[in-house]
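*Asks:* fold the following and give me the result.
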Amino acid sequence: MTTPVTLTAAAAITYAQTSTNPIIVNDTGTNIAANADALVKLGAQLVKVYDNNDYLSKGGFLSAISVADVLALAPKMFSSFNAPMLFSNVVDTAQNVVVNAAALLNLSSQVIGLTVNDTAKNIASQATIFTLGKMLTGLVIDGVAFSGAATVKGAWAVNVSAAAAATLYADGMTGGVIQVTDTGANIAANADALAKLGSQLLQVYDTNELNYSGGYHANISVADVLALAPKTLDNLHNSMYFRHVVDSSQTITANLDALQGLGLQVRGMTFTDTVAPTITITDSQYNKDLIVIKTINSKSYGLVITQAKEANVSNDLTNSHVTSIGISDTAAHVASGLATLQSHLGKISGITLTDAGTPTVSVSAAQVTADAGALNAIQTANLLSVKDTSAAINTLSLSGVHNTNIELMLTNLSTVANKAPLTLTENTTVTNLNLSLISLTGDTINEKVYNSTGTEIDLLNSKGAVINQFLFTHETEAQLHLLGVNPAVVHLM
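*Replies:* Purely as a prediction, here's the structure:
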């Protein structure tokens with residue numbers, strides 16, 4: 001085997017014109033780069049190439065070299081210490097890079113820096129460029145250079161301006177990952193396009209705005225803040241605050257859950273409606289999205305809350321923008337919270353009971369008197385069961401109650417010493433007289449017509465004396481239901 005001759009790059013090219021003997025090149029990186037195309041054409045005659053002034057610790061081969069030349073020379077090229085050379089400045093067009101992507105990846109241990117220099121349109125149309133990982137360290141887009149960088153999130157992305165990213169989107173970029181580093185004003189000017197990049201946009205770094213000085217100063221739409229907020233950092237690499245989310249009330253309301261999902265990044269929202277809007281949301285959504293709802297800084301708007309739980313009413317109404325609230329809860333919860341509901345009656349649009357069938361609202365006589373307005377706001381058909389002493393019920397007026405399905409449930413049959421038996425006269429429609437809580441041992445009941453349209457019920461003791469009398473002016477014997485008694489002790493007269 002012929003011993004290779006060692007020459008400089010230029011001398012090797014001249015030597016090869018008259019000899020086929022193997023050649024080793026030993027020269028500076030600059031000289032090798034200047035003659036790279038001709039050296040590649042030597043093919044197998046070129047055995048090795050030593051770069052005697054570029055050091056791996058400083059980036060390896062620093063001179064610009066094309067993809068075709070690096071693919072041909074990298075397997076033969078070594079540092080002065082005989083270590084495989086690293087290439088940190090491979091520069092070529094989008095097309096040349098894409099055609100040779102697989103071969104470049106096979107040389108990933110040596111190619112550590114690749115810049116694609118082309119038009120935005122050509123770069124945007126070649127998604128394969130962005131599959132080269134850390135090898136891709138820069139783009140020259142329409143003559144403007146951008147470097148690649150490891151982001152604070154640990155991923156690798158090509159770092160471009162907001163305008164360049166917008167241009168890539170406009171030119172149909174369909175693949176790749178980019179990071180935007182720019183001023184807040186430039187980011188704002190291109191926000192719509194940046195948002196539309198979707199998963200291709202890894203991160204947005206605002207170089208001149210800080211959360212403690214107000215965060216992102218420009219107005220931003222709901223769509224853009226939802227897309228950009230998770231990716232945008234302020235100058236100190238903190239998640240950016242947005243104090244000027246500006247959009248229609250319809251759009252903001254439709255996206256409350258998603259806006260709430262941004263946590264504390266949304267710090268202020270303003271409606272664009274020309275007329276003060278009214279927002280309608282459920283109580284569940286209101287309380288789930290309360291943090292972001294409180295950031296609405298439009299002074300004139302109304303808030304209608306529906307399907308509220310009784311337990312949430314007072315807290316919900318601390319928001320001065322709430323104009324009305326609809327209740328949807330069980331009969332038991334409504335009954336226990338009647339006083340609260342009555343105190344907020346002016347803003348209660350209606351009460352719906354969620355129980356199956358015909359629910360029973362159990363109240364005391366005092367509640368009927370004090371909370372009649374709240375009882376009348378119940379829109380679900382129900383049985384109003386007034387459970388109290390006979391003395392309390394005797395003084396109760398049901399005339400203000402709209403419900404016609406009423407039950408009187410006595411807890412005792414009190415009498416007053418040395419006075420006539422207690423007589424209860426009710427001039428309102430009563431459905432049931434429930435005596436299930438009363439001990440009637442030894443007593444009997446006489447039931448008869450009262451004033452032709454009503455019913456009289458007399459309770460007699462074992463001696464036949466009337467101890468209590470109930471007069472119902474609106475119910476016939478057929479209409480009034482006597483509950484909680486043994487039919488055997490009831491005498492119809």
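
*Asks:* who is the residue lying closest to L483 once chain neighbours are set aside paired with across the strands?
*Replies:* Distances taken as C-beta to C-beta, 6 or more residues apart in numbering place N434 nearest to L483, at 4.3 Å, with adjacent residues excluded. Just so you know, the C-beta spots here come from the backbone N, C-alpha and C atoms, and that holds for glycine as well. Note on N434: beta-bridge partners by DSSP bridges are M409, L483.

*Asks:* tell me, how many residues neighbour N434?
*Replies:* Neighbour count of N434, defined by other C-beta atoms under 10 Å: 19.

*Asks:* how about A227?
*Replies:* So A227, with other C-beta under 10 Å, has 21 neighbours.

*Asks:* same check, this time on L482
*Replies:* Neighbour tally, L482, other C-beta under 10 Å: 17.

*Asks:* contacting residues for A124?
*Replies:* Taking C-beta atoms under 8 Å, 6 or more residues apart in numbering, we find A124 in contact with L168, Y169, D171, G172, M173, T174.

*Asks:* redo that, cut-off 6 Å
*Replies:* A124 makes contact with L168, D171, G172, M173, according to C-beta atoms under 6 Å, 6 or more residues apart in numbering.

*Asks:* quick one: it from T115, how far?
*Replies:* Distance check for A124 against T115: by C-beta to C-beta, to the nearest Å, it reads 16 Å.

*Asks:* which residue ranges form the helices in the stretch 51-200 of the chain?
*Replies:* Secondary structure of the stretch 51-200 of the chain, counting by DSSP state H, counting those that start in this stretch: helices at 67-73, 94-99, 101-106, 120-124, 162-170, 184-189, 191-196.

*Asks:* my error: substitute the stretch 201-350 of the chain in the last question.
*Replies:* Under DSSP H, counting those that start in this stretch, the stretch 201-350 of the chain gives helices at 222-228, 249-254, 256-260, 283-288, 290-293, 313-316, 331-336, 338-343.

*Asks:* can I assume I296 is in contact with M269?
*Replies:* Yes - using C-beta atoms under 6 Å as the test, I296 is close enough to M269 to be in contact (5.0 Å).

*Asks:* neighbour count for the two, which is higher?
*Replies:* Neighbours were counted for I296 and for M269 using other C-beta under 10 Å; M269 has more, 24 against 20.

*Asks:* tell me the contacts of the more buried one?
*Replies:* With C-beta under 6 Å, 6+ apart, M269 has these contacts: V245, I252, T295, I296.

*Asks:* can we see that at 8 Å?
*Replies:* M269 touches V245, V246, D247, I252, L259, V292, T295, I296, N297, S298, counting by C-beta under 8 Å, 6+ apart.

*Asks:* with N412 instead?
*Replies:* So N412 contacts T389, S390, L437, I438 (C-beta under 8 Å, 6+ apart).

*Asks:* okay, and for this structure, where does confidence drop off?
*Replies:* The chain contains residues with pLDDT under 70 at 1, 149-156, 175-176, 414-425, 427, 493.

*Asks:* roughly how far apart are the residue sitting nearest the centre point of the chain and I141?
*Replies:* What sits nearest the mean C-alpha location of the chain, by C-alpha atoms, centre = their mean, is A258, with 2.4 Å. Separation of A258 from I141 (C-beta to C-beta): 32 Å.

*Asks:* next one: A191
*Replies:* Distance from A191 to I141, counting by C-beta to C-beta: 19 Å.

*Asks:* likewise F271?
*Replies:* 38 Å.

*Asks:* of the two, who's got more company?
*Replies:* I141 (26 against 22).

*Asks:* quick one, what contacts that one?
*Replies:* Taking C-beta under 8 Å, 6+ apart as the test, what I141 contacts is D118, T119, A120, I123, V160, A164, T167, L168.

*Asks:* same thing with V449?
*Replies:* For V449, counting by C-beta under 8 Å, 6+ apart, the contacting residues are T455, E456, T476, E477.

*Asks:* so it is in which element?
*Replies:* strand 444-450 (DSSP states H and E).

*Asks:* now do the next helix or strand after that strand: everything it contacts.
*Replies:* Next in sequence after strand 444-450, counting helices and strands by DSSP H and E, comes strand 454-460. Outside strand 454-460, the residues that touch it by C-beta under 8 Å, 6+ apart are 413, 433, 440, 443-450, 466-477, 479-480, 482.

*Asks:* which of those count as buried?
*Replies:* 413, 433, 443-447, 450, 468-473, 475, 477, 480, 482 (16 or more other C-beta atoms under 10 Å).

*Asks:* what's the local residue count around the closest residue to P277 other than its chain neighbours?
*Replies:* Nearest in space to P277, with sequence neighbours left out and distances taken as C-beta to C-beta, 6+ apart, is S249 at 3.7 Å. Counted by other C-beta under 10 Å, the residues lying close to S249 total 21.

*Asks:* with S324 instead?
*Replies:* 17.

*Asks:* cool, and N100?
*Replies:* 18.

*Asks:* tell me the contacts of it?
*Replies:* V67, A68, L71.

*Asks:* tabulate those (CSV), appending neighbour count and distance to L317.
*Replies:* Listed next are those as CSV, based on neighbours: other C-beta atoms under 10 Å; distance: C-beta to C-beta, whole Å:
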residue, neighbour count, distance to L317
V67, 23, 69
A68, 16, 74
L71, 18, 73
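
*Asks:* make TSV out of these and add distance to N319.
*Replies:* Formatted as TSV, these follow (distance: C-beta to C-beta, whole Å):
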residue	distance to N319
V67	63
A68	68
L71	67
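
*Asks:* which of those sits closest to A339?
*Replies:* V67 (80.7 Å; C-beta to C-beta).

*Asks:* do I have it right that the closest one meets D92?
*Replies:* Yes - counting by C-beta atoms under 8 Å, D92 is a contact partner of V67 at 4.3 Å.

*Asks:* and for these two, which residues touch both?
*Replies:* L114.

*Asks:* restricting to C-alpha, output stretch 227-238 in CSV.
*Replies:* What follows is stretch 227-238 as a C-alpha-only set of coordinates in CSV (Å, rounded to 0.1, in the frame of the first residue of the first chain):
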residue,chain,number,x,y,z
ALA,A,227,-52.9,30.1,23.7
LEU,A,228,-50.0,32.2,24.9
ALA,A,229,-50.3,32.6,28.7
PRO,A,230,-49.1,29.0,29.4
LYS,A,231,-46.0,29.7,27.3
THR,A,232,-45.2,33.3,28.1
LEU,A,233,-42.5,34.4,30.6
ASP,A,234,-41.6,37.8,31.9
ASN,A,235,-38.1,39.2,31.9
LEU,A,236,-37.3,37.3,35.1
HIS,A,237,-38.6,34.0,33.6
ASN,A,238,-41.8,34.0,35.7
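
*Asks:* buried stuff in that stretch?
*Replies:* A227, L228, A229, K231, T232, L233, D234, N235.
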